[in-house]
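Trainee: Sequence below, structure please.
(chains A and B)
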2 protein chains.
Amino acid sequence: MRRIAIVGVGLIGGSCALAWRRAGIAGHIVGVGRGRANLERALELGVIDEIASDAASGVSGADVVLVAVPVGQLSSVLAEMLPALSPAVLVTDAGSTKQDVVAAARAVLGARLPRFVPAHPIAGAERSGVAAARAELYHGRQVVLTPLPETDAATLDDARRLWAACGARVSTLSPERHDAVFAAVSHLPHALAFALVDMIARRGNAEQLFGYAAGGFRDFTRIASSSPEMWRDVCLANRDALLAELDAYLAHLASLREVVAAGDSARMEDIFGNARRARDDWLKSIEDGK
Amino acid sequence: MRRIAIVGVGLIGGSCALAWRRAGIAGHIVGVGRGRANLERALELGVIDEIASDAASGVSGADVVLVAVPVGQLSSVLAEMLPALSPAVLVTDAGSTKQDVVAAARAVLGARLPRFVPAHPIAGAERSGVAAARAELYHGRQVVLTPLPETDAATLDDARRLWAACGARVSTLSPERHDAVFAAVSHLPHALAFALVDMIARRGNAEQLFGYAAGGFRDFTRIASSSPEMWRDVCLANRDALLAELDAYLAHLASLREVVAAGDSARMEDIFGNARRARDDWLKSIEDGK
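Mentor: Coordinates of the predicted model:
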């Protein structure tokens, strides 16, 4: 039974708290955050046991610290808590980009750097706030850890067990590889969906166009209802990898455009068929893995 | 109670048959099609009352003819049935592009052209075959009619009532406007989704990339599991409008790329926020319309 501090008790931090409590590894959970009302709600809901007035007093004596704040606040939160971190602490985070998190940790954590294990729990965050938190949020989902050369081996093992206790499948990637992979399968699709809806919304006949949009459009653009602030930060944090993917996609789409312009029906069917086969194989592999 | 001929008794033709029977407007339903086994299944399921051996005998004496065949077969089916069409017949179709359908009808139907009302019932066709047919498929969905200057006014009214009897909301557009609208809100998103999955599938590390793809990717790419043959035909049939949309999107995405490259966070947030607002307003208007 461990003393756990959660900095940022929203959907993500709150869900981890509930999962760790259910798994029997949380003896006492301290919540830290800017919004007093939100923390009081978390206390009422039994997500946390105690509200700390600031990050330093919150993490004091904690065995585990989860920092689940917007990535732009990470540096200042780490700096604030640093003097109060115990030498044997495990610090982890939940940011969806990792090279920027690693750079912030490197700049701030000093002698505690080996105790920090960067983590990216992958779950659609359409809702937010502690009221949406649930113990099952990461059940069957993936959590990617991106350890550094300096990361303490026992601390990394501990982080694996901790995230696995949420019901997640835990894997590791380098921070660079992580950011390249998620630029392709997450950040690029978000940019494409935002761009499509923005383009249509700016048309003179936008109302007519939306009036005829149906289920395919709704699913395709679901991720364009994501938080603009969060995605601005993701695009800034992972700019180089995202630009590489945008360039690759612009080139790929331009070549599809030429195939359509040429009326090359065999090539069109090949591209569409390859996409359908790959997607169906992917869905099957997910089903088989369950 | 009317005699109805359905040419192509699949998901679409079969669902219309079931809906018209339930609405009490179908006295006798004749099915025509290439696949004998499929027609026998339709007969067993009570979707049709009779199997006709060919299009001409199937439409003979019919008050209403629905042609629900792949758009590439439309011309030959219309030509085959023409000599047997009664002067007072209503002919309608279910193709997802309309200028090509109108051109085929114009080339073939001669004196029967005023009795033809082109229609596009909008429902995701992820499944196919008569076994998937259901009377509710078009309930609450939209059906767009694209009448010609030559279309008989009473026949158009009749087509409106017929499609409304499926539970659909019926509207009209010119064939040109129809194809432009659907290039933007349907054909372009399909091309974008096919292109993304195809690009990732061709990478050396495709397996790793798909391994980290999550729910956002799944929804974004759902339409990339659509029929390659059908979408090849749609892209060929609506080539000019699709090319215009592809060019507009390539330009819009290239400008988003420049915003990301410049690290212009205010502009990024503006684009993403505009997209989210427009999408949320659209979803709300759908809810309000129910």
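Trainee: Burial check on residue A:98, number of neighbours?
Mentor: Using other Cβ atoms under 10 Å in any protein chain shown, residue A:98 has 26 neighbouring residues. The way it works is simple: take the backbone N, C-alpha and C, and place the C-beta from them, glycine included.
Trainee: Could you do the one 5 residues further on as well?
Mentor: Burial of residue A:103, expressed as a neighbour count using other Cβ under 10 Å, amounts to 14.
Trainee: same check, this time on residue A:266
Mentor: So residue A:266, with other Cβ under 10 Å, has 8 neighbours.
Trainee: Give the full set of residues in contact with it.
Mentor: With Cβ atoms under 8 Å, 6 or more residues apart in numbering or on different chains as the criterion, no residue contacts residue A:266.
Trainee: Next one, pLDDT for it please.
Mentor: Note on residue A:266: pLDDT of 98.
Trainee: secondary structure class for it?
Mentor: Three-state call for residue A:266 (DSSP: H, G, I helix; E, B strand; the rest coil): helix.
Trainee: Residue A:272 versus that one, what's the distance?
Mentor: For residue A:266, the distance to residue A:272 equals 11 Å [Cβ to Cβ, to the nearest Å].
Trainee: Repeat that for residue A:92.
Mentor: 42 Å.
Trainee: More neighbours: which of the two?
Mentor: Ranked by neighbour count (other Cβ under 10 Å), residue A:92 and residue A:272 place residue A:272 first, with 27 against 23.
Trainee: got the contact list for the closest residue to the more buried one other than its chain neighbours?
Mentor: Closest residue to residue A:272 apart from its sequence neighbours, by Cβ to Cβ, 6 or more residues apart in numbering or on different chains: residue B:228 at 3.6 Å. Neighbour list for residue B:228: A:268, A:269, A:272, A:273, A:275, A:276 [criterion: Cβ under 8 Å, 6+ apart].
Trainee: What helices and strands are in contact with the helix or strand that contains residue A:81?
Mentor: In this assignment (DSSP states H and E), residue A:81 forms part of helix A:74-81. If you count contacts as 3 or more Cβ pairs under 8 Å, 6 or more residues apart in numbering or on different chains; DSSP states H and E, helix A:74-81 packs onto helix A:55-59, strand A:64-67, helix A:99-108.
Trainee: Deepest in the core, which of those is it.
Mentor: strand A:64-67 (a mean of 26; mean count of other Cβ atoms under 10 Å in any protein chain shown).
Trainee: Could you pull up the mean pLDDT of it?
Mentor: Strand A:64-67 comes out at a mean pLDDT of 98.
Trainee: From the contact counts, what lies against that strand?
Mentor: Using 3+ Cβ pairs under 8 Å, 6+ apart: strand A:64-67 touches strand A:2-7, helix A:74-81, strand A:90-93.
Trainee: can you put these in TSV and add mean pLDDT?
Mentor: As requested, these are exported to TSV (pLDDT from 0 to 100):
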stretch	mean pLDDT
strand A:2-7	97
helix A:74-81	96
strand A:90-93	98
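Trainee: Save those as a markdown table, and put in distance to residue B:27 too.
Mentor: Listed next are the helices and strands packed on strand A:64-67 as a markdown table, based on distance: least, Cβ to Cβ, whole Å:
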| stretch | distance to residue B:27 |
| --- | --- |
| strand A:2-7 | 68 |
| helix A:74-81 | 71 |
| strand A:90-93 | 68 |
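Trainee: Could you pull up phi and psi at the residue nearest to residue A:271 when sequence neighbours are not counted?
Mentor: Excluding the flanking residues, the one nearest residue A:271 by Cβ to Cβ, 6+ apart is residue B:198, at 5.0 Å. The phi/psi pair for residue B:198 (degrees, to the nearest 10) reads phi -60, psi -40.
Trainee: Just the pLDDT for residue B:198.
Mentor: 98.
Trainee: Quick one: residues contacting it.
Mentor: If you count contacts by Cβ under 8 Å, 6+ apart, residue B:198 has them with A:252, A:256, A:271, A:272, A:274, A:275, A:278.
Trainee: Among these, which ones are in strands?
Mentor: Residues of these located in strands (DSSP state E): none.
Trainee: Could you single out the nearest of these to residue A:61?
Mentor: Comparing the contacts of residue B:198 against residue A:61 with Cβ to Cβ picks out residue A:278 as the nearest, at 50.2 Å.
Trainee: Next, give phi and psi for the closest residue to the closest one other than its chain neighbours.
Mentor: Nearest residue to residue A:278 in three dimensions, chain neighbours excluded: residue B:201, at 3.5 Å (Cβ to Cβ, 6+ apart). Phi and psi for residue B:201, reported as degrees, to the nearest 10, are phi -60, psi -30.
Trainee: Burial check on residue B:201, number of neighbours?
Mentor: Residue B:201 has 21 nearby residues by other Cβ under 10 Å.
Trainee: all helices of chain A, in order?
Mentor: Ranges of helices in chain A, per DSSP state H, are A:11-22, A:36-44, A:55-59, A:74-81, A:99-108, A:153-164, A:175-182, A:188-201, A:206-211, A:215-220, A:228-237, A:239-261, A:265-289.
Trainee: Only C-alpha atoms, please: export the third one in PDB.
Mentor: In this case it means helix A:55-59. Only the C-alpha atoms of helix A:55-59 are listed here, as PDB (Å, rounded to 0.1, in the frame of the first residue of the first chain):
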ATOM      1  CA  ALA A  55       2.700  20.600  -5.300                       C
ATOM      2  CA  ALA A  56       5.500  20.500  -2.800                       C
ATOM      3  CA  SER A  57       3.400  19.600   0.200                       C
ATOM      4  CA  GLY A  58       1.400  17.200  -2.000                       C
ATOM      5  CA  VAL A  59       4.300  15.100  -3.100                       C
END
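Trainee: any residues touching that helix, and which ones?
Mentor: Helix A:55-59 is contacted from outside by A:5, A:7, A:30-32, A:52, A:65, A:77, A:80-81, A:83-85, A:89, using Cβ under 8 Å, 6+ apart.
Trainee: Centre of the chain to it, how far?
Mentor: Helix A:55-59 has its C-alpha centroid displaced from the chain centroid by 24 Å (Cα atoms, centre = their mean, to the nearest Å).
Trainee: Check the last one too.
Mentor: Centroid displacement of helix A:265-289 relative to its chain, using Cα atoms, centre = their mean, is 26 Å.
Trainee: tell me which residues in it are buried?
Mentor: Going by neighbour count (16 or more other Cβ atoms under 10 Å in any protein chain shown), the buried part of helix A:265-289 is A:267, A:268, A:269, A:271, A:272, A:273, A:274, A:275, A:276, A:278, A:279, A:282.
Trainee: Could I get those in CSV, plus columns for distance to residue A:217?
Mentor: Below are the buried residues of helix A:265-289 laid out as CSV (distance: Cβ to Cβ, whole Å):
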residue, distance to residue A:217
A:267, 26
A:268, 21
A:269, 23
A:271, 21
A:272, 18
A:273, 22
A:274, 23
A:275, 18
A:276, 19
A:278, 22
A:279, 18
A:282, 22
